[in-house]
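J.: okay, predicted coordinates and the sequence, questions at the end:
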There are 2 protein chains.
Amino acid sequence: MTIHIALIHYPVYDRQEKVIATALTTIDIHDLARLARTYGVDRFYVVTPLRSQQELARRLIDHWVTGWGARYNPTRKEALSLVRMADDLEEVLTGIEQEEGRRAKTVATAARRYAKAHPYGEMAELIRKSGDEPYLILFGTGWGLTREMVEKSNYVLEPIEEKGYNHLSVRTAAGIILDRLLGGEVR
Amino acid sequence: MTIHIALIHYPVYDRQEKVIATALTTIDIHDLARLARTYGVDRFYVVTPLRSQQELARRLIDHWVTGWGARYNPTRKEALSLVRMADDLEEVLTGIEQEEGRRAKTVATAARRYAKAHPYGEMAELIRKSGDEPYLILFGTGWGLTREMVEKSNYVLEPIEEKGYNHLSVRTAAGIILDRLLGGEVR
């Protein structure tokens, strides 16, 4: 299989469940790129329709991939080389389909519990046994992916809520989720 | 058992393996506090000898625990209530000993591989079976905990290095490590 991840800046919820476009957080791009590289993720898509934000992300990536940062910190270059920009989810899916000849199965992540949510062990096994199926794991910013996006996904994962608290940062949650799905360590 | 975590700002390495004190990163305090709350960690110690940095952290914590932020975001208050400041590791250990009547076992984390490193499954079982033993998990900032601090620890964990890349942010790595040691999800 191939694994891709996407960090969605639109459409997501704000505190009041209004649908918004969030601003980029550069630290998220660094952290998720490093995470993607660690777990052998093929591409990390940053999804925002805002052109000024895409431009900002491109400048950041260029600095580390071809600019001065590439010499200063080659391991950061390795990570940020995996980042691609996209206007929306459909553009990501079309891009993967063009490269791999198949549409990716989408896996939504959510801090709230959905009825159709999959346990991690089940999802990890599904991925392991799926031949060369591409998967795209979706992470929300702000107050999370919209209900509509989650419902439209092929799969949705359970929230990470060990002691009744489901308010991790996307940087931390994404690490735990990829480790549970793709990590080699058996507990 | 009780679990504590510490984010060490001194002594840690810089790029050239010189021992330095790093600056606080406020996002680390937020992310690790939320992580601590998620996994039922008792206390999250921010360790720095620099008084101006301690003052900065206290202002941040007060804002969210007793100030305006507590009303704006009560879940952040729950998380940041777990944070304590300390000058050095010894102060943390003495504090835990005064509260719990036993000195905590220290568990170092490292991006490099130490000969005495423990696999996660083993360490998780040790913790589970240890009665009311307190544990203190140490996370380094900058380029990581000094060799001396790691060697002096009771335990050291293996690096998280799935595909030959061991350059995660401490925000992401700490999430994966606590999930492997304390997470309820069985893969």
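T.: Done, it's in.

J.: buried ones in the worst-scoring helix or strand of chain A on mean pLDDT?
T.: None of the helices or strands of chain A scores lower by mean pLDDT, DSSP states H and E than helix A:68-72, at a mean of 90. Within helix A:68-72, the residues scored as buried using 16 or more other CB atoms under 10 Å in any protein chain shown are A:69-70. The C-beta positions use only the backbone N, C-alpha and C, and glycine is treated the same way.

J.: quick check: which helices or strands does that helix pack against?
T.: Using 3 or more CB pairs under 8 Å, 6 or more residues apart in numbering or on different chains; DSSP states H and E, the elements in contact with helix A:68-72 are helix A:74-80.

J.: parallel or antiparallel, list what pairs with the helix or strand following the helix it packs on.
T.: For helix A:74-80, the succeeding helix or strand toward the C-terminus, using DSSP states H and E, is strand A:83-86. Partners of strand A:83-86 in the sheet, by DSSP bridges, are strand A:43-47 (parallel).

J.: for the next helix or strand after the strand it pairs with, what is the distance to the chain centroid?
T.: Using DSSP H and E, the next helix or strand after strand A:43-47 towards the C-terminus is helix A:51-65. Relative to the chain's own centre, helix A:51-65 is displaced by 18 Å; criterion: CA atoms, centre = their mean, to the nearest Å.

J.: before we move on, what about stretch A:38-55?
T.: For stretch A:38-55, the separation from the chain centroid amounts to 8 Å (computed by CA atoms, centre = their mean).

J.: in that stretch, which residues are buried?
T.: Result for stretch A:38-55 [16+ other CB under 10 Å]: buried residues A:38-39, A:41-48, A:53-54.

J.: enumerate the residues of chain A near chain B.
T.: Residues of chain A lying near chain B by CB under 8 Å from any CB of the partner chain: A:27, A:30-31, A:34-35, A:37-40, A:75-76, A:78-79, A:119-121, A:124, A:160-163, A:165-169, A:171-176, A:179-180, A:182-187.

J.: list the buried residues of stretch A:79-88.
T.: For stretch A:79-88, a neighbour-count test (16+ other CB under 10 Å) marks A:79-86 as buried.

J.: possible to save the residues you listed as a markdown table with distance to B:E99 and pLDDT?
T.: Output for the buried residues of stretch A:79-88, formatted as a markdown table (distance: CB to CB, whole Å; pLDDT from 0 to 100):
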| residue | distance to B:E99 | pLDDT |
| --- | --- | --- |
| A:A79 | 40 | 96 |
| A:L80 | 43 | 95 |
| A:S81 | 47 | 96 |
| A:L82 | 45 | 97 |
| A:V83 | 45 | 97 |
| A:R84 | 49 | 97 |
| A:M85 | 50 | 97 |
| A:A86 | 50 | 98 |
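
J.: no more questions from me, cheers.
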